[in-house]
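S.K.: Structure here, sequence nowhere to be found:
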């Protein structure tokens, strides 16, 4: 009965380092979404992936950010050369299909940049 | 893109009273409206959702109403309990691939 699993729960990086955030969707779900949440704000869409495909990356910054969802293994959100402004909570959600299927969220990764 | 506004940003009610949170959206093509509850340090948890072909939906103490003409939808919690205290987010979706979230309502239920 595992839900969406994200790790690590907390990640601390120094400016210029790389951050890798992992997300394992719920069993049976093949659609993954990444959102970013700044303190006291709502969630902002970043990217939507299916297995081995990026479907919509309209919310993803053009530089330093990338995402993948390989055939095997979790989805990865990768942030290169992190800056202080990248500090946020990053949430992953999954759904069994597209087009108005409920999205179920993990508990997020809190990224802190020193 | 879609723009979702949510009010109020904070809400305090006495235990047993009702709480109402309202959201408006801008894109008439939006057709799916979920509500999430987020507790401190946790991810958003889906509590109820409504589709554009339905005007109202109820699940025990929680109900959601949708007015497509006015482009607004509301969350109603009756007989509030202290464990209802959390941040609540509304969202709207056009094709289901991307949710547009409101800025959240921090609900406090006073025992």
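M.R.: Yep, it's here. Since this is a predicted model, take the numbers as computed values, not measurements.
S.K.: Check which residues of stretch A:71-80 are buried.
M.R.: Of the residues in stretch A:71-80, those with enough neighbours to count as buried (16 or more other Cβ atoms under 10 Å in any protein chain shown) are A:74, A:75, A:76, A:77, A:79. Quick note: C-beta positions are derived from backbone N, CA and C, even for glycine.
S.K.: could those be laid out in CSV, adding secondary structure and pLDDT?
M.R.: As requested, these are exported to CSV (DSSP: H, G, I helix; E, B strand; the rest coil; pLDDT from 0 to 100):
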residue, secondary structure, pLDDT
A:74, coil, 96
A:75, strand, 97
A:76, strand, 98
A:77, strand, 98
A:79, strand, 98
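S.K.: what about the strands in chain A?
M.R.: A:5-7, A:10-13, A:19-24, A:31-37, A:43-50, A:53-56, A:65-68, A:75-79, A:88-95, A:104-105, A:109-113 (DSSP state E).
S.K.: Mind checking those for the one nearest to residue B:98?
M.R.: Of all the strands of chain A, strand A:43-50 sits nearest to residue B:98, with 4.6 Å by Cβ to Cβ.
S.K.: ok and that closest one relative to strand A:31-37, angle-wise?
M.R.: If you take axes from the mean of the first three to the mean of the last three Cα atoms, to 10 degrees, strand A:43-50 sits at 160 degrees to strand A:31-37.
S.K.: pLDDT weak spots in chain B?
M.R.: Counting by pLDDT under 70, chain B shows low-confidence ranges at B:96.
S.K.: what about 80?
M.R.: For chain B, the stretches with pLDDT under 80 are B:1, B:95-97.
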